[in-house]
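**Q** A structural model of the following input is requested.
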Amino acid sequence: MKRSVSVIFGLFFALAGWAAAQSGGRSVEVGQPSYLSGDDPPAAPPVQTEDRTPTVLIAPPPPLPRMSPELTLQTYRDRAAQQAAQLSSYSANSVILAQLPSTQQFGECDLQRVYSAPHTLEFKSVRFVGDGFVKNNVILRLLQSEVDHVQKDDPAASALSDGNYKFSYKGSTQLQDRVVHRFEVKPRADHPGLFKGRIYLDAHTGSMVRAEGRVAKSPSLFIKRIEFVQDYKEFGAFTFPVHIHSEARTRLVGRAIVDIYHYDYQPVSSTRTAELTTLP
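**A** Below is the predicted model of the structure:
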């Protein structure tokens with residue numbers, strides 16, 4: 001999880017965002033049985049004999065206990081360290097939506113991403129529609145900056161640690177149908193990759209649910225400020241970002257809005273990789 005947090009900070013050096021997978025369902029209406037007037041009524045159903053087989057009720061697992069804010073924060077850090085150590089690779093699909101409202105330009109890109117620990121990130125473009133300027137100056141720069149960040153990744157430099165941030169507890173609340181502890185975070189220095197804002201940690205598991213705020217230091221003289229909201233979900237034992245919304249105030253083209261949606265994560269743990277390599 002530490003890597004999943006640091007990777008999003010790498011996106012700040014371009015612009016960050018994503019588009020979501022939707023799921024839907026349907027309902028089936030059950031009508032009443034009927035027969036035409038004059039017809040014989042349907043035969044009565046056979047008499048059911050009493051089933052004396054005992055019913056076995058399986059109780060749901062007990063809910064995890066709610067942790068204190070201090071324990072939740074420490075559990076998050078433990079989970080982040082564990083993910084950094086155990087995540088061998090992952091693949092995922094992404095959709096990037098980018099728009100420049102002042103010039104009415106936009107771009108939409110579907111792509112596949114493959115990450116291999118510790119410093120390899122590759123993309124395969126599936127589809128692009130929109131303006132070439134947005135593709136070349138927003139989306140491609142964003143992807144290249146993410147690759148550069150992974151190649152030069154120093155997890156300690158952007159980790160949510162006491163060395164990088166001051167933490168202030170701001171109470172608990174409901175977010176995405178989960179009880180979360182909210183912390184205000186302030187960087188101890190205006191270093192690239194750090195931000196000022198809030199994090200929301202699941203009070204029962206310690207996993208990251210949301211991070212939001214403003215980048216502490218602009219990555220470019222041409223960008224005034226970058227604000228973002230990033231949501232996370234668990235995929236097996238790992239936590240990944242699934243939606244990033246960011247808005248940058250630039251000096252040349254005004255606002256730049258980027259949404260990135262990640263889905264279909266397929267993580268591979270180092271433990272699983274070791275098991276496969278030892279099979280006869």
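**Q** Please make it C-alpha for all contacts and neighbour counts, starting now.
**A** Noted.
**Q** Contacts made by the longest helix belonging to the chain with the rest, please.
**A** Counting by DSSP state H, the longest helix found in the chain is helix 69-86. Residues outside helix 69-86 that contact it (Cα atoms under 8 Å, 6 or more residues apart in numbering) are 1-3, 160-161, 169, 181, 201-208, 237-238, 269-271.
**Q** repeat for stretch 122-141
**A** Contacts to stretch 122-141, defined as Cα under 8 Å, 6+ apart, come from residues 14-15, 96, 98-100, 105-115, 147.
**Q** redo that, cut-off 10 Å
**A** Residues outside stretch 122-141 that contact it (Cα atoms under 10 Å, 6 or more residues apart in numbering): 11, 13-16, 91-100, 104-116, 142-147, 256-258.
**Q** Among those, the buried ones, what's the PyMOL command?
**A** Only the buried entries of these go into this PyMOL selection, using 16 or more other Cα atoms under 10 Å:
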select buried, resi 11+13+14+15+16+91+92+93+94+95+96+97+98+99+100+106+107+108+109+110+111+112+113+114+115+142+143+144+145+146+147+256+257+258
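**Q** Among the contacts of stretch 122-141, which lie within helices?
**A** Applying DSSP H to the contacts of stretch 122-141, the entries found in helices are 11, 142-147.
**Q** low-confidence ranges in the stretch 51-200 of the chain?
**A** 51-61 (pLDDT under 70).
**Q** swap the cut-off to 80 and go again
**A** Confidence mapping of the stretch 51-200 of the chain against pLDDT under 80 gives the ranges 51-63, 153.
**Q** buried stuff in stretch 68-86?
**A** Result for stretch 68-86 [16+ other Cα under 10 Å]: buried residues 69, 72-73, 75-81, 83-86.
**Q** what's the nearest residue to Leu252 once chain neighbours are set aside in contact with, if anything?
**A** Excluding its sequence neighbours, the residue lying closest to Leu252 (Cα to Cα, 6 or more residues apart in numbering) is Phe222, at 6.9 Å. Applying Cα under 10 Å, 6+ apart to Phe222 gives the contacts 249-253.
**Q** Would you list the phi and psi of Phe222?
**A** Backbone torsions of Phe222, given as degrees, to the nearest 10, read phi -90, psi -10.
**Q** per-residue confidence at it?
**A** For Phe222, the pLDDT comes out at 76.
**Q** Check the gap between it and Thr250 for me.
**A** Plainly put, Phe222 is 6 Å away from Thr250 if you go by Cα to Cα, to the nearest Å.
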